[in-house]
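1. test case, fold it:
(one chain, ligands or ions: 2)
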Amino acid sequence: MPSFVIASKCDGCKALDKTACQYICPNDLMTLNSQLMKAYNRDPSMCWECYSCVKICPTQAIEVRGYADFVPLGASVTPMRSSEDILWTVQFRNKEIKPKRFKFPTRRGVAEGKAQPFDHFPTGDADLKSPTLMSEPAGLNNEVGPVKFDKIPTL
Ligand code: SF4
Ligand code: SF4
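-> Numbers count the residues shown, from 1 in each chain. Ligands and ions are numbered 1, 2, ... in the order given. Below you'll find the predicted structure:
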């Protein structure tokens, strides 16, 4: 379900030229009401719930309700980042149930902001024309990538 801003927590990123959520949204959805100094998602139907705005918001003002495939419907899922870990808090709609928290290490050994998005995978023009996927064949752990069989092999 799309992201939404809890207005009482949003300070409009007053100290920044551009709000953090505007900067990070890959779909250019987050918008600032400059009179109220509150951000909002201007087209929830276009939100792909990537959680980028949720992760970057310095005041934890943005939430996304997780789908029922990983939390009960209506639960909010909030990440809190540190340089070492990311802590996810699941708050159920029934506030009498204690929130659940899960902590995972971030990419250790890579300085913050220095992660290479494409790592060692090729990204040249010829690779874009290749019928294989970006991480193939290396990602398949074999030398040749997907193998086309003319008939179903017998095992
Ligand atoms: Fe408000 Fe958070 Fe967006 Fe900043 S990043 S404008 S605090 S919702
Ligand atoms: Fe944009 Fe992702 Fe936030 Fe949706 S969840 S508003 S796509 S940054």
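
2. count of neighbours near N41?
-> Counted by other CB atoms under 10 Å, the residues lying close to N41 total 21. The C-beta positions use only the backbone N, C-alpha and C, and glycine is treated the same way.

3. ok, and what's touching the lowest-mean-pLDDT helix or strand in the chain?
-> Within the chain, no helix or strand scores below helix 125-129, which has a mean of 79 by mean pLDDT, DSSP states H and E. The contact list for helix 125-129 (CB atoms under 8 Å, 6 or more residues apart in numbering) reads M134.

4. pull that helix out as PDB, backbone CA atoms only.
-> This file holds the C-alpha atoms of helix 125-129, laid out as PDB (Å, rounded to 0.1, in the frame of the first residue of the first chain):
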ATOM      1  CA  ASP A 125      25.800  -1.300 -24.500                       C
ATOM      2  CA  ALA A 126      26.600  -4.800 -25.700                       C
ATOM      3  CA  ASP A 127      25.400  -6.200 -22.400                       C
ATOM      4  CA  LEU A 128      22.100  -4.400 -22.800                       C
ATOM      5  CA  LYS A 129      21.500  -6.200 -26.100                       C
END
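
5. for it, what is the distance to the chain centroid?
-> 27 Å (CA atoms, centre = their mean, to the nearest Å).

6. report the separation between the closest residue in space to T59 that isn't next to it in sequence and S3.
-> Nearest residue to T59 in three dimensions, chain neighbours excluded: K9, at 5.0 Å (CB to CB, 6 or more residues apart in numbering). Taking CB to CB, to the nearest Å as the measure, K9 and S3 are separated by 13 Å.

7. neighbour count: these two, which is higher?
-> Neighbour tally, K9 and S3, criterion other CB under 10 Å: the higher count belongs to S3, 24 against 13.

8. please name the residues that touch the more buried one.
-> Contacts for S3 were tallied using CB under 8 Å, 6+ apart; they are 29-30, 41, 44, 47, 49, 51, 53-54, 62-64.

9. contacts for the helix or strand hosting Q22?
-> If you go by DSSP states H and E, Q22 is part of helix 20-24. Counting contacts by CB under 8 Å, 6+ apart, the residues outside helix 20-24 that touch it are 5, 13, 28, 30-32, 39, 52-53, 55-58, 62.
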